[in-house]
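Chemist: pasting the sequence and the predicted model now:
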Amino acid sequence: MAILNIVTKSSNEEFLRKKSREVTEITPRILTLLDDMVETMRYANGCGLAAVQVGVLRRVVVIETEEGLFEFINPKIIAKSGLQKSEEGCLSVPGEWGMTKRPEHVTVRALNRNGEVIEVTGHGLLAKAMCHELDHLDGILYTDKVIKDEEN
Ligand code: CO
């Protein structure tokens, strides 16, 4: 396993704005990418990481919360409901936080590392992390969604 360099908004926003491509085959390279992303996320004390953030334009995401470790390949949000307003940050935007509005409940359908279709429903932080990381796959950063405190 390896700790990968994290692309930051200040160093290469143009890259972070690119759209990631679907994974068509789960190769050993994708499995190594997942392993390295988990190690990098933990090393950086983050709760989520998308492949684009380590320089790979593939639809691959890892998230770790109290609920456990989640590895998503080609994830899609298939249901969302409720609303949460909370502080959000990003390993690609170090040292900054902002208030965002996200759904409180989110269900993601994805492939796991064995190529099996999985569905995960998250609430609160996990729901927020799923939205945040999936946004990265389409070149969207949380900073695009920051609201002012007085907004409801
Ligand atoms: Co992020």
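Modeler: Okay, I see it.

Chemist: so, low pLDDT: which residues of the chain?
Modeler: By pLDDT under 70, the low-scoring segments of the chain are 150-152.

Chemist: the nearest residue to residue 121 once chain neighbours are set aside and residue 118, how far apart?
Modeler: Using Cβ to Cβ, 6 or more residues apart in numbering and skipping residues adjacent in sequence, the residue nearest residue 121 is residue 107, 4.5 Å away. For glycine as for every other residue, the C-beta is placed from the backbone atoms N, C-alpha and C. The gap separating residue 107 from residue 118 is 11 Å, by Cβ to Cβ, to the nearest Å.

Chemist: can you map out the helices along this protein?
Modeler: Listed in chain order, the helices found in the chain under DSSP state H are 9-16, 28-43, 125-136.

Chemist: helices and strands around the longest one, which ones?
Modeler: If you count contacts as 3 or more Cβ pairs under 8 Å, 6 or more residues apart in numbering; DSSP states H and E, helix 28-43 packs onto strand 48-50, strand 60-65, strand 68-81.

Chemist: and the helices of the chain, which is most packed in?
Modeler: Most buried of the helices of the chain, by mean neighbour count (mean count of other Cβ atoms under 10 Å): helix 125-136, with a mean of 23.

Chemist: and residue 103, how far from residue 65?
Modeler: Distance check for residue 103 against residue 65: by Cβ to Cβ, it reads 16 Å.
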